[in-house]
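Predicted model, plus sequence, below.
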Amino acid sequence: MKLLKNCRLYAILDTEYVAPDRLLDMARAIIRGGADIIQLRAKKQSDEEILRMAPTIRDTAAAAGVPLIINDRPQVAGQLDAAGVHVGQDDMTVREARHLLVKKGYVGKSTHSAEQIEAALAEKPDYIAVGPIHATPTKPDYPPVGIKLIQYAADQVSIPFFCIGGINLENVDEILAAGAKRIVVVSGILLAKDPERYTKQLKQKLSGSKK
């Protein structure tokens, strides 16, 4: 399994964009494209539905050495033996997530400001997400934080941080130039005509930036 510090392209399988019966095919495509880590975000599905849909995705990812993260639901992540869980600002603390996860695994947390970055780091997550960098339909209630927060994170954060929010092939160079080394992409990949090729192009951009 890839170590978190070596993961640069984080792709999210979101059931708001991809029907549950297409998730496995999408996972295969983005894994072939070079995604380093995958998250399953299924906001509208029940725990039982996630427990049914996720095992084949988990196994496919594991066979490629790609960690699978479950969004919001640490207990489900533990039951699935997933690589970890990601929680938002309004969900729970990192400590609570680790307790509910039961097994050893990654815990990531979303941040939207310098103050939230500092508070999240005090909770000792394995990684943080920083954003939304640009406006995104995935998080319409969150105003974009812009490039300055990337620069702040690059200066202040020693654990892996992934920039998220409206990132795509058209603006990824600007994100990397601001100091990002890791990105999360959702709709750019999921709505692409060829998700595998799109993922490969993003990975090439990341591979060309300084480590």
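Sure, I can see it. It should be emphasised that the depicted structure is a prediction, and the values quoted were computed from it without experimental measurement. Numbers count the residues shown, from 1 in each chain.

Touching, Gln156 and Ile117? I think so.
Yes. Using Cβ atoms under 8 Å, Gln156 is in contact with Ile117, at 6.9 Å. From N, CA and C alone the C-beta is placed, and that goes for glycine too.

On the C-terminal side of the helix ranked longest in the chain, identify the next helix or strand.
In the chain, with assignment by DSSP state H, the single longest helix is helix 47-63. With elements assigned by DSSP states H and E, the helix or strand that comes after helix 47-63 is strand 68-71.

what's in contact with that following strand?
Here strand 68-71 makes contact (Cβ atoms under 8 Å, 6 or more residues apart in numbering) with 12, 37-43, 50, 54, 57-58, 61-62, 76-77, 80, 82-86, 106, 108.

Quick check on those: which are buried?
Burial by neighbour count, 16 or more other Cβ atoms under 10 Å: within these this picks out 12, 37-42, 50, 54, 57-58, 61, 76-77, 80, 82-86, 106, 108.

most remote residue from this structure's center?
Largest separation from the mean C-alpha position in the chain: Glu48, at 22.1 Å (Cα atoms, centre = their mean).

Report pLDDT for that residue.
Glu48 carries a pLDDT value of 98.

Quick check: it vs Ala114, distance?
The gap separating Glu48 from Ala114 is 39 Å, by Cβ to Cβ, to the nearest Å.

Same drill for Gln156 and Ile117, tell me which one is more crowded.
Ile117 (20 against 12; other Cβ atoms under 10 Å).

Regarding the more buried one, what are the backbone dihedral angles?
phi -60, psi -50 (degrees, to the nearest 10).

Also the one 10 residues further on?
Main-chain dihedrals, Tyr127, degrees, to the nearest 10: phi -160, psi 160.

pLDDT score assigned to it?
As predicted, Tyr127 sits at a pLDDT of 98.
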